[in-house]
Structure formats: C-alpha cells, structure tokens
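S.K.: Just a sequence and a predicted model for now, questions to come.
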Amino acid sequence: MGHRALPNSPEALRHLVDEGRIPARRVWGMLALRSALAFALLLALAAVLGLSGRDDPVSASAAAWLWFATAANVAAIALMVHLGRREGLRLRDLYFADRSTWRGDLLWLVPALLGSALLSLLPGTWLATVLWGDSNYPNDLLIQPLPLLTVYPLFLLMPVTQAFAELPLYWGYVAPRLRAFGMSRGLTILIVGATLSVQHLFFALQLDWRYDLWLALKFLPFALWMGFIVDRRPTVLPYLMGMHLVLDASVPLLTWMASRG
C-alpha cells in the first residue's frame with residue numbers, strides 16, 4: 001500500500017499547500033498547541049495558588065497536570081475537526097483509518113508494540129538512575145495527590161482524549177503537512193518527535209532542573225519510534241491509538257492511589 005491512496009498523505013496534501021489552503025503558521029501552531037496550552041494553564045493555576053499564599057505554587061499547580069493534558073487534548077481534537085473540514089478531510093482521514101489494510105497493519109503492529117514496550121519505559125528508568133541514582137524518585141514528583149473528586153472524571157476523560165489527540169495531532173496532522181511543505185522524512189520525525197517528548201515538560205514543570213530534564217527527554221526514543229512507524233505505515237495509527245489508551249489508563253489510577261495516601 002502506498003501513501004498516495006490516502007487523502008491525508010503528503011502527496012495528496014501538496015496541492016492544498018500549493019494553493020495556500022494549508023499555511024505554514026497553522027501547522028507550526030498545531031505543533032506547539034498542546035505544550036503552549038498546558039503550560040499556560042499550569043502558570044495560571046500557579047499564579048492563583050501563589051496569590052492565595054500557597055507554598056511552592058508551581059509544584060502544587062503541576063499536581064493537576066492530567067487536567068492540563070486533558071484540556072489540551074480536547075482543544076487538539078476540536079481543532080483537528082475544524083481544520084480538517086477546511087481542508088476537505090474528515091477526522092477519520094487524519095487518523096489514517098482504513099479497514100481494508102488491517103492484515104498488513106497487523107504485521108507492522110507487532111514490532112510497533114514490542115518497540116513501544118521497551119522505549120516507553122526503559123529510557124525514563126535509565127535517565128532517572130543517571131540523574132538521581134534512583135529510578136523511582138521522579139515518579140513521586142510527577143504523581144502527586146489531588147482532591148479525590150477531581151480524580152474520578154480523569155479515569156475516562158484523560159486516556160480517551162489522549163488516545164484521540166496526542167499521536168493523531170503530531171503524526172496524523174502535523175507530520176504529513178510538514179512533509180507536504182517539502183521537509184525530509186528524517187527531519188520531520190526528529191522535529192515532531194522532539195516536540196512530542198518535550199511537551200511533557202510543559203505539562204508538569206517544577207523548579208527542579210533534573211526533574212524537568214527527565215520529563216523532557218524520557219519519552220524521546222518512544223516518540224521517534226512512533227514517528228518512524230506511522231511514517232512507514234500510516235494506517236497502523238488507529239491501533240497505536242488503542243495502545244496509547246491502554247497505557248494511559250494507568251496514570252489516573254496512580255494519581256488516585258497517591259490521593260488516597
């Protein structure tokens with residue numbers, strides 16, 4: 001299966017770029033969307049907490065990072081629907097959904113899942129050991145307690161919106177359009193993958209450089225791997241979205257456990 005048959009492929013999008021219907025500022029804006037919105041929410045809450053006299057308001061604000069990510073996800077999905085329509089595409093086109101390719105997709109899914117299992121966990125564990133000598137230390141900074149009533153909605157909202165927003169935004173919307181502008185495969189994967197990784201810094205930043213470095217880099221190998229897989233086999237993206245939902249379902253549970261002490 002070639003990319004040309006897909007309405008969201010770089011080849012199919014190139015005429016929209018040539019006609020000025022996909023301006024560069026739109027694509028770069030979508031690349032920055034999740035980081036910028038989540039960071040703005042973190043700073044706004046930190047300002048409120050600081051004015052109310054809360055000690056270490058940045059850290060206290062960062063405890064709500066799952067809500068910041070969820071809000072950024074909702075914004076990303078809404079914008080993908082809106083911009084997709086302006087470009088003559090459905091949301092399912094941005095997800096590269098194609099039932100006819102499932103047999104070939106499954107052949108790609110196996111190495112994709114194996115690579116993801118290794119690259120989503122081991123780099124962060126290794127980096128934490130290098131920075132602190134303790135692989136679990138930064139997880140205690142990341143997963144902080146919240147009021148229990150604010151945690152329960154996250155069991156549904158966070159993993160579902162994450163699955164339909166994160167990988168599709170970066171690899172279903174931004175990456176094909178950067179390629180349509182003429183950017184090379186390698187550079188596209190590097191830029192988009194680096195942004196996908198560094199965004200975690202803006203979700204849960206604290207005033208600790210080692211922790212922030214860990215946040216920014218821990219998912220870099222995983223992000224680059226996702227970019228490589230989707231670039232080579234775009235129609236595997238819906239299956240990766242399902243994987244993402246399963247992986248992220250554990251995060252609200254960890255927050256709930258921390259909130260219960």
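M.R.: Sure, I can see it. Numbering: from 1, shown residues only.

S.K.: List phi and psi for the residue located most distally from the centre of the chain.
M.R.: When each C-alpha in the chain is compared with the mean C-alpha position (CA atoms, centre = their mean), Gly53 comes out farthest, at 32.8 Å. When quoted as degrees, to the nearest 10, the phi and psi of Gly53 stand at phi 90, psi 10.

S.K.: now the one 10 residues further on
M.R.: Listed backbone geometry of Ala63 is phi -60, psi -30, with angles given as degrees, to the nearest 10.

S.K.: and it, what is it in contact with?
M.R.: Neighbour list for Ala63: 144-146 [criterion: CB atoms under 8 Å, 6 or more residues apart in numbering]. (C-beta placed from N, C-alpha, C; glycine too.)

S.K.: same check, this time on Gly261
M.R.: The neighbourhood of Gly261, defined by CB under 8 Å, 6+ apart, consists of Pro145.

S.K.: What separation do you get for it and Leu148?
M.R.: 10 Å (CB to CB, to the nearest Å).

S.K.: Nearest residue to Pro7 in space, please, no chain neighbours.
M.R.: The shortest distance from Pro7 to any non-neighbouring residue, by CB to CB, 6 or more residues apart in numbering, is to Asp93 (4.9 Å).

S.K.: Remind me what whichever strand or helix holds Val160 packs against, helices and strands.
M.R.: Using DSSP states H and E, Val160 sits in helix 154-167. With contacts taken as 3 or more CB pairs under 8 Å, 6 or more residues apart in numbering; DSSP states H and E, helix 154-167 sits against helix 65-86, helix 237-248, helix 250-259.

S.K.: Out of those, which is closest to Pro111?
M.R.: Ranking those by proximity to Pro111 (CB to CB) places helix 237-248 first, at 11.9 Å.

S.K.: Identify all contacting residues around the closest one.
M.R.: Contacts of helix 237-248 with the rest of the structure, by CB under 8 Å, 6+ apart, involve 95-97, 105-106, 109, 112-113, 116, 120, 158-160, 162-164, 166-168, 171-172, 226, 229-230.

S.K.: Give me the buried positions along it.
M.R.: By neighbour count, and taking 16 or more other CB atoms under 10 Å as the criterion, the buried residues in helix 237-248 are 237-241, 243-245, 247-248.

S.K.: Tell me how many other residues crowd the nearest residue to Ile77 once chain neighbours are set aside.
M.R.: Here the nearest residue to Ile77 in space, its sequence neighbours aside, is Ala165; by CB to CB, 6+ apart that works out to 5.1 Å. Close neighbours of Ala165, defined as other CB atoms under 10 Å, add up to 27.

S.K.: again with Ala163
M.R.: Applying other CB under 10 Å, we find 22 residues neighbouring Ala163.
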